[in-house]
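**Q** The sequence and its predicted three-dimensional model are supplied below.
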Amino acid sequence: MSKLVIVESPTKAKTISKFLGKDFKIESSYGHIRDLPKSKMGIDIEKNFEPEYVIPKDAQKRVTALKKLATKASSVILATDEDREGEAIAWHLEQALDLPDEKIERIVFHEITKTAIEEAIKHPRKIDGKLVDAQQARRILDRLVGYELSPFLWKKVRRGLSAGRVQSVALRLIVEREREIKKFKAQEYWTVEAKLKKSEDDDNQAFIAKLHSVDGKALQKFDLGAQKDADQIVKALKKSEFQVTDIRQKEARRFPAAPFTTSTLQQEAARKLGLSAKQTMMFAQQLYETGYITYMRTDSVNLADQALVQAQKVIAQKFGKEYGLAAPRRYKTKSKGAQEAHEAIRPSDLEKHPEEIEGTLEPRQARLYDLIWKRTLASQMAEAVFDQTAVDIQAGEKYMFRANGQVVKFEGFIKVYTEGRDEKDEEELPEGQLPKLEKDEILKALNLGGMQHFTEPPPRYSDASLVKALEEYGIGRPSTYAPTISTILERGYVEKVEKKFQPTEIGLVVNDLLVENFPKIVDYEFTAKMEADLDDIAEGKLKWQPVIKEFYDPFKSNLEEKQKSVTKQVEQTNIPCPICGKPMVKKFGRFGQFLACTDFPNCKGTKPLPEDEAQQKKLQDDAGDKTCPECGQGKMMVRRGKFGYFLGCSRYPECKHIEKIEKKTGVTCPTCNEGELVEKRTRKGKTFWGCSRYPKCEYATWKYPGKEEKKEEE
């Protein structure tokens, strides 16, 4: 009898089958085979929050097949992922397949390689009940919040909305940042800069020095608040000598970033590859399941000893021994509640160079592998060495300018990789070498002038900075960042504009309602504490039922009170109803806000908001008096749907003919030079731009015409 090995995905099963012989049969469960029911809460609150698990319809056939195979097998090896989710899947398989304890073996591995699989099979263990409890607690907690709070939003705002324990906190971060931006008032400030050169050498490279101090007192950012302040100094210095008074040189070292965790991989893939958190995890999962990288859900920065040895071998071969290390560099994690049991994300085999396997991978998989390979290698390379120079230059009696320069003395790890940044670091030294200067040397001023600056508002969150903020607050865990961000996008609470998150009108309303009435649900510290409690459950320090009860009892009591006291979120207007003449209120519908009669349900009068009505009228004027080409009787009228305005037959529902309203860009198609680039959408609602002459011309791009930023599919 052969041994049955069960994993989550068919890709993982296919990869593992390469390493195991004929004594093993490898099958996939295709993910979770049991879950809470979709049609109801599925949690018996009176019986200590007992969950009711069901086998979904689409998994029943698979469960039957696995049961049959398990009966014939000598043992069943559950080889699901090594995290809480994987442990829970293994436990659900044990329950659903009705497997006896003596027949079950649980194995875990951090990479899908022959060595790792064979080693795991030699050391099976039992299913870890504490990890299962922690995953169960998270699932039940999220179900309680979602199924209890979402109907509240349906009643008080509109149907179809949802609330979630982590998604609501992520939404709050974005809303609060947007309000910071709205409140922000730019403050003007000036700097004074001198373009200088060695007077005796006309060919010598000029350099910039900035006014640093006046009368020995360092100049603060807002000391020169207006042009007149800068002009006054420039005027005073017009005939002054610029003399070198001090030269300071030092050697500086820069160290590489730690190997990737789930969070840092998502951040860096967003910065450097333009991938969303969801895309990053999808491609990383594919790379893991095909054996190219180690497990991609981890908050550890450890590297296995064999990987550290291999890294030095690859570094010496590719760059030279001077780029390597005598002893491995080890890192400590900085994230809250990190679990060091796992390993960082790295290539399973560092000798698989990115250029060698590029042709075997899909382009975005290849780019992600390249990023992981470089980051891993760089983490074990020598530090970069810089020569830094600071020169103080006296101008007149009381003004001192300073020039800084930095040149690379030894590249070290930056030959391979440098970490990206979300925002520019103002303190970063300028790259470039200053000319060789001598103390007391007189310099020639080529130009002297004031430079105007304005303070900038805090930036909107990008995929990278939002993941970073969630991690810093201790909200969620590595596996939750991508689905959390996807949820608030799919619910329409936020939208992406030039790769930055902005809250929508409905997002603002939902956030404000939750903040005012359910402050604990959206409290950063409370949500982080819940994550800490889940960690304690995983470690066996807490039982999951008391943790759930401590949260649920006050939550339910507050919810019942708010159901009575909170009124429906509507905004009164003076606009009369077109049917009965009574005042109308603003309400939220499936496609945004609209006006509805205050006498509803007696009067069902509705109309668009004035600004929407004006836009609709303009679009109708542009469309003209067009007859429906399908039925030949109705008129083509401007209507509004999920993705904006479109043209539909006035005889709907008898005639269902519709046409797109093209958003023109005014940019000529670069391929045919005849058509115009217009905004279009994929079936999934993602925006791209294509030629108006399609299908005669098939030119299309994700890049907005006239802008350089690439519009990636989410």
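**A** Good, I have the coordinates.
**Q** so what's Pro56 closest to, chain neighbours aside?
**A** Asp35 (6.4 Å; Cβ to Cβ, 6 or more residues apart in numbering). Backbone N, C-alpha and C define where each C-beta goes, glycine included.
**Q** quick one, what contacts that neighbour?
**A** Asp35 is in contact with 53-54, 56, counting by Cβ atoms under 8 Å, 6 or more residues apart in numbering.
**Q** Columns distance to Glu516 on top of these, output as a markdown table?
**A** Output for these, formatted as a markdown table (distance: Cβ to Cβ, whole Å):
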| residue | distance to Glu516 |
| --- | --- |
| Tyr53 | 36 |
| Val54 | 36 |
| Pro56 | 37 |
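**Q** quick one: which of those sit in strands?
**A** Among these, none falls in strands (DSSP state E).
**Q** ok, back up a step: per-residue pLDDT, the residue nearest to Pro56?
**A** At Asp35, the model reports a pLDDT of 94.
**Q** any idea how far it is from Ala304?
**A** 34 Å (Cβ to Cβ, to the nearest Å).
**Q** and stretch 255-272, how far from the chain's centre?
**A** Its chain's C-alpha centre and that of stretch 255-272 lie 12 Å apart, by Cα atoms, centre = their mean, to the nearest Å.
**Q** and if you look at stretch 641-660?
**A** The answer for stretch 641-660 is 35 Å, by Cα atoms, centre = their mean.
**Q** And the contacts of that stretch?
**A** Contacts for stretch 641-660 (Cβ under 8 Å, 6+ apart): 590-591, 615-616, 619, 623, 626, 628-631, 633-640, 661, 680-681, 685.
**Q** What residues sit buried inside that stretch?
**A** Using 16 or more other Cβ atoms under 10 Å as the test for burial, stretch 641-660 gives 645-649, 651, 655.
**Q** And for stretch 495-506?
**A** For stretch 495-506, by 16+ other Cβ under 10 Å, it's 496, 499-503, 506.
**Q** Could you export that stretch as PDB, CA atoms only?
**A** Extracted as PDB, the C-alpha positions of stretch 495-506 are listed here (Å, rounded to 0.1, in the frame of the first residue of the first chain):
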ATOM      1  CA  GLU A 495      -9.800  53.900  -5.200                       C
ATOM      2  CA  LYS A 496      -6.300  54.000  -6.700                       C
ATOM      3  CA  VAL A 497      -5.300  57.300  -8.400                       C
ATOM      4  CA  GLU A 498      -1.800  57.200  -9.800                       C
ATOM      5  CA  LYS A 499      -1.000  54.200  -7.600                       C
ATOM      6  CA  LYS A 500      -2.000  56.000  -4.400                       C
ATOM      7  CA  PHE A 501      -5.100  55.200  -2.300                       C
ATOM      8  CA  GLN A 502      -7.900  57.700  -1.900                       C
ATOM      9  CA  PRO A 503     -11.100  57.200   0.100                       C
ATOM     10  CA  THR A 504     -14.400  57.400  -1.800                       C
ATOM     11  CA  GLU A 505     -17.500  59.200  -0.600                       C
ATOM     12  CA  ILE A 506     -18.900  55.900   0.700                       C
END
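**Q** Now find how far off-centre the longest helix along the chain is within its chain.
**A** Longest helix in the chain, counting residues (DSSP state H): helix 129-156. Taking Cα atoms, centre = their mean, one finds the center of helix 129-156 at 23 Å from the center of the full chain.
**Q** Tell me which helix or strand comes right after it.
**A** Going down the chain from helix 129-156, the next helix or strand is helix 167-183, by DSSP states H and E.
**Q** Give me the contacts around that following helix.
**A** Residues from elsewhere that reach helix 167-183 (Cβ under 8 Å, 6+ apart): 457-458, 460-461, 466, 469-470, 473, 475-476, 484-485, 487-488, 491, 493-494, 501-503, 507-508, 510-512, 514-515, 521-524, 527.
**Q** Quick one: buried ones out of these?
**A** Those of the contacts of helix 167-183 that meet the buried threshold are 460-461, 466, 469-470, 473, 475-476, 484-485, 487-488, 491, 493-494, 501-503, 507-508, 510-511, 514-515, 521-522, 524, 527, by 16+ other Cβ under 10 Å.
**Q** Just the ones of the buried residues of stretch 641-660 in strands?
**A** 645-649.
**Q** Between the residues you listed, which sits nearest Asp128?
**A** Distance to Asp128 across those (Cβ to Cβ) is lowest for Phe646, with 53.2 Å.
**Q** bridging residues for the closest one?
**A** Arg639, Lys660 (DSSP bridges).
**Q** From Ser9, how far out is it?
**A** Remark: distance between Phe646 and Ser9 (Cβ to Cβ) = 39 Å.
**Q** coming back round to it: please pick the buried ones from the contacts of stretch 641-660.
**A** The buried subset of the contacts of stretch 641-660 (16+ other Cβ under 10 Å) comprises 615-616, 619, 623, 628, 634-640, 661, 680.
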